[in-house]
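Chemist: Structural data only, the sequence is not supplied:
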Ligand SMILES: NC(=O)c1ccc[n+]([C@@H]2O[C@H](COP(=O)([O-])OP(=O)(O)OC[C@H]3O[C@@H](n4cnc5c(N)ncnc54)[C@H](OP(=O)(O)O)[C@@H]3O)[C@@H](O)[C@H]2O)c1
């Protein structure tokens with residue numbers, strides 16, 4: 001996800017830094033796949049960021065947010081991590097847990113949860129419609145920045161309301177995988193379309 005999103009934003013003219021626990025190893029990978037982004041330690045990436053995309057496994061998200069809470073209180077964070085059945089009852093979303101770990105002042109958004117990685121560099125589907133990116137959050141300024149970034153990738157931003165609606169987005173991921181398997185052979189190239 002980080003490589004796909006990073007490559008798309010580099011292509012759109014943004015400066016992208018991929019934060020990694022092992023920047024030397026990831027620098028080689030980034031060069032191989034031609035992502036065009038620089039790679040830095042997590043702390044260095046955060047210190048330069050205007051907005052952060054959290055693209056790590058869900059199981060690591062809460063502790064990441066807690067560890068870097070001080071830095072993340074001054075930067076909007078987009079949580080794209082998918083909890084799957086770690087949060088089966090929809091009583092809270094992964095993004096709300098991340099927001100809680102960052103604490104007061106954090107500006108957490110949820111987005112890209114129900115977009116397959118394989119569609120990230122293919123934002124317009126074969127029916128010539130931009131694919132939707134659902135996002136949710138409570139901070140209007142952070143949401144406006146994110147909507148612009150989604151548009152810069154070539155996708156259609158779809159504002160799904162407050163952060164608590166990330167609970168619904170978390171559930172839509174499992175449904176997306178089910179529909180993709182049933183109707184597209186599980187190729188990971190399908191996406192949602194809201195016809196407004
Ligand atoms: N794949 C999809 O189609 C898709 C779609 C929507 C959302 N998502 C969500 O997006 C997130 C990223 O997905 P992905 O497929 O890109 O994941 P991934 O390749 O498995 O992991 C992304 C990166 O996370 C870092 N990482 C791994 N374990 C970590 C840990 N314990 N603590 C901190 N960092 C760790 C690693 O980078 P370093 O080793 O360089 O630090 C790794 O390259 C996931 O939460 C996933 O559920 C995925």
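Modeler: Perfect, thanks for sending it. Note that this is a predicted model, so its numbers are computed, not measured. Numbering: from 1, shown residues only.
Chemist: per-residue pLDDT, the spatially most central residue of the chain?
Modeler: The chain has residue 80 as the residue nearest its centroid, 3.3 Å off, counting by CA atoms, centre = their mean. Here the pLDDT value assigned to residue 80 is 98.
Chemist: Please apply the same query to the one 10 residues further on.
Modeler: Note on residue 90: pLDDT of 82.
Chemist: what do you get for the one 10 residues further on?
Modeler: The predicted local confidence for residue 100 comes out at a pLDDT of 98.
Chemist: do you know how far it is from residue 157?
Modeler: 25 Å (CB to CB, to the nearest Å). Every residue, glycine included, has its C-beta placed from N, CA and C.
Chemist: And the two? Which one has more around it.
Modeler: For the pair residue 100 and residue 157, the greater number of neighbours falls to residue 157 (20 against 14), based on other CB atoms under 10 Å.
Chemist: Tell me the secondary structure at residue 133.
Modeler: strand (DSSP: H, G, I helix; E, B strand; the rest coil).
Chemist: show me the contacts for it.
Modeler: With contacts defined as CB atoms under 8 Å, 6 or more residues apart in numbering, the neighbours of residue 133 are 111, 112, 115, 150, 153, 155, 156, 157, 158.
Chemist: If we ignore the residues flanking it in sequence, what's nearest residue 108?
Modeler: residue 99 (3.9 Å; CB to CB, 6 or more residues apart in numbering).
Chemist: Ignore what I typed, I meant residue 90.
Modeler: Closest to residue 90 by CB to CB, 6+ apart is residue 167, at 4.8 Å.
Chemist: Please tell me I have it right and that neighbour contacts residue 94.
Modeler: No - counting by CB atoms under 8 Å, residue 167 sits too far from residue 94 to count as a contact (9.0 Å).
Chemist: Which one's more surrounded, the two?
Modeler: It is residue 94, of residue 167 and residue 94, that has more neighbours when counted by other CB under 10 Å, with 27 against 21.
Chemist: Near residue 187, how many other residues are there?
Modeler: 11.
Chemist: tell me which element the residue nearest to residue 108 is part of?
Modeler: helix 94-102 (DSSP states H and E).
Chemist: on that earlier part again, state the distance from the residue nearest to residue 108 to the ligand.
Modeler: 16 Å (CB to the nearest ligand atom, to the nearest Å).
Chemist: ditto for residue 175
Modeler: Taken as CB to the nearest ligand atom, the span from residue 175 to the ligand is 13 Å.
Chemist: just residue 10 next, same as before
Modeler: From residue 10 over to the ligand (counting by CB to the nearest ligand atom), the distance is 17 Å.
Chemist: Next up, phi/psi of the nearest residue to that residue once chain neighbours are set aside, please.
Modeler: Excluding the flanking residues, the one nearest residue 10 by CB to CB, 6+ apart is residue 36, at 3.9 Å. Per-residue torsions, residue 36: phi 80, psi 0 (degrees, to the nearest 10).
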